[in-house]
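**Q** no FASTA, just this:
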Ligand code: KG4
Ligand code: ZN
């Protein structure tokens, strides 16, 4: 690093956030914007087709505004990047085609970024305080769409230690919040309600707790909550009952996460840090519990600020810079990722250590 002679422009559009960021070749954030699509709330979840159209409508002006914030024009941009998977295929096509088109027209390199890899590498952003964590480190990625535990061994070198066998953690928060009559997304509302409740009031199952491995399971938990509130029928839940359920559920998820993080450490005892990312990482109880696990094993605990934990384009730009740098170190130029097609599924384990994209 640096291996490009000007700023890099990155696009994120894999779910319901349209984002654009411009990074210096060293990874400093020159400008960043995120437009969260609010229209899905009334529909109770993200509608892929609506999301894709909204990305298309938003991207041109979002990019112009981001360039203006940075005091730059497209003439200054030396490379382009976009989340190319995994995610909702419509949004991925919109964002990556948009970035590829400009890159081709301006004869600049395009870097196809794996969205999960971008979350995984955020902990190494120069803008974060403290030293860059060395490989390997442990990543707990907990969002509405993802729930996995990964050993980050190097650029393009990831070992999946476990993942959810049913719902993602954020999805579980959203579903339980819905049962409690809270809005969408449910995580923040549930956390707020939980502050008024007793976390020991309701006995809930803790799926997979105490078992070996780092897999997660949350659907039984949601069913247990549904059974607990069934006697109230159509009537509104008394506030204290709802608060007790929220607090008990949150404690339960924190117990499960801490248990899985312990097992991840056992699997990778040479890890240098425990990193948590994704929207659910905003949860204070969860952060506190994971921090305690890290402390017990003398691991650094890294929880990037929320705007970098949730979907954003800074992480996409940073992953692209790390990829360019690793390719350079491996003896390859900034290979052209234009032929890389958007992929709704793109497991981290299919990533390759740096090399030419085309033979
Ligand atoms: O990473 P994110 O913004 O979007 C993706 O899913 O990619 O994560 C959103 C998820 C939602 O399920 C939301 O309910 C959850 O993160 N979330 C939380 C909290 N804030 C957001 N879950 C628990 N506690 C929170 N404070
Ligand atoms: Zn994400």
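**A** Sure thing, it's come through. Source: prediction; values computed, not measured. Ligands and ions are numbered 1, 2, ... in the order given.
**Q** Let me see the contact set for residue 256.
**A** Contact analysis of residue 256 by C-beta atoms under 8 Å, 6 or more residues apart in numbering lists 206-209, 216. C-betas here are computed from N, CA, C, even on glycine.
**Q** If we use 7 Å, what do you get?
**A** 206, 209, 216 (C-beta atoms under 7 Å, 6 or more residues apart in numbering).
**Q** I'd like to know which residues of the stretch 51-200 of the chain are adjacent to ligand 1.
**A** Residues of the stretch 51-200 of the chain lying close to ligand 1 by C-beta under 6 Å from any ligand atom are 143-145, 170, 173-174, 185-188, 191.
**Q** Out of the residues you listed, which end up buried?
**A** Listed as buried from these are 143-145, 170, 173-174, 185-187, 191; burial here means 16 or more other C-beta atoms under 10 Å.
**Q** end-to-end on stretch 217-237?
**A** The first and final residues of stretch 217-237 sit 26 Å from each other (C-alpha to C-alpha, to the nearest Å).
**Q** hmm, back to that, so which of the contacts of residue 256 wins on neighbours?
**A** Neighbour counts for the contacts of residue 256, by other C-beta atoms under 10 Å, peak at residue 216, which reaches 26 neighbours.
**Q** Surely that residue and residue 146 touch.
**A** No. Using C-beta atoms under 7 Å, residue 216 is not in contact with residue 146; the gap is 10.7 Å.
**Q** Just want the residue of the stretch 251-359 of the chain that's nearest ligand 1.
**A** The nearest approach of the stretch 251-359 of the chain to ligand 1 comes at residue 279, 2.1 Å away (C-beta to the nearest ligand atom).
**Q** Now do the contacts for that residue.
**A** 143-144, 170, 187, 309-310.
**Q** ok, of the contacts of residue 256, which one's closest to residue 138?
**A** Closest to residue 138 out of those is residue 216 (14.6 Å), distances taken as C-beta to C-beta.
**Q** can I get the contacts of residue 256 in CSV with secondary structure, pLDDT and distance to ligand 1?
**A** Listed next are those as CSV, based on DSSP: H, G, I helix; E, B strand; the rest coil; pLDDT from 0 to 100; distance: C-beta to the nearest ligand atom, whole Å:
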residue, secondary structure, pLDDT, distance to ligand 1
206, coil, 92, 17
209, coil, 90, 19
216, strand, 96, 14
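**Q** For those residues, give me TSV that also has distance to residue 102.
**A** TSV is the format used below for the contacts of residue 256 (distance: C-beta to C-beta, whole Å):
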residue	distance to residue 102
206	49
209	49
216	39
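**Q** ok, these vs residue 257, which is closest?
**A** Distance ranking of the contacts of residue 256 against residue 257, using C-beta to C-beta, places residue 216 first at 8.1 Å.
**Q** Near the closest residue to the closest one other than its chain neighbours, how many other residues are there?
**A** Distance criterion C-beta to C-beta, 6 or more residues apart in numbering; nearest residue to residue 216, sequence neighbours excluded, is residue 164 at 4.3 Å. Counted with other C-beta under 10 Å, residues neighbouring residue 164 total 20.
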